[in-house]
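S.K.: prediction below, plus the sequence it came from.
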Amino acid sequence: MNWGIFTLMGIIGAVLVSIAGFFAYILHREAAVNRAAGQQQVPAHAPV
């Protein structure tokens, strides 16, 4: 009985860590895109 509980806790922990890692990846990717967008040169006469 205890092994079943520990196994489920391990699986749930792995799923939660995977979800947190996914969101960390998304935040990291967003920061990289924002950095790249900030480096682009926009002409002064660009239409608004």
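M.R.: Nice, thanks for sending it over.

S.K.: tell me where this protein has helices.
M.R.: Along the chain, the segments classed as helices by DSSP state H run 2-39.

S.K.: tally of neighbours for residue 33?
M.R.: Residues lying near residue 33 (other CB atoms under 10 Å) number 10. Where C-beta positions appear, they are placed from N, C-alpha and C, glycine not excepted.

S.K.: try residue 13
M.R.: Residues near residue 13, counting by other CB under 10 Å, number 10.

S.K.: from residue 45, how far off is it?
M.R.: For residue 13, the distance to residue 45 equals 56 Å [CB to CB, to the nearest Å].

S.K.: do residue 2 as well
M.R.: 72 Å.

S.K.: what of residue 30?
M.R.: The gap separating residue 30 from residue 45 is 30 Å, by CB to CB.

S.K.: between those two, which has more neighbouring residues?
M.R.: Neighbour tally, residue 30 and residue 45, criterion other CB under 10 Å: the higher count belongs to residue 30, 10 against 5.

S.K.: how about the contacts made by that one?
M.R.: With contact taken as CB atoms under 8 Å, 6 or more residues apart in numbering, residue 30 is in contact with no other residue.
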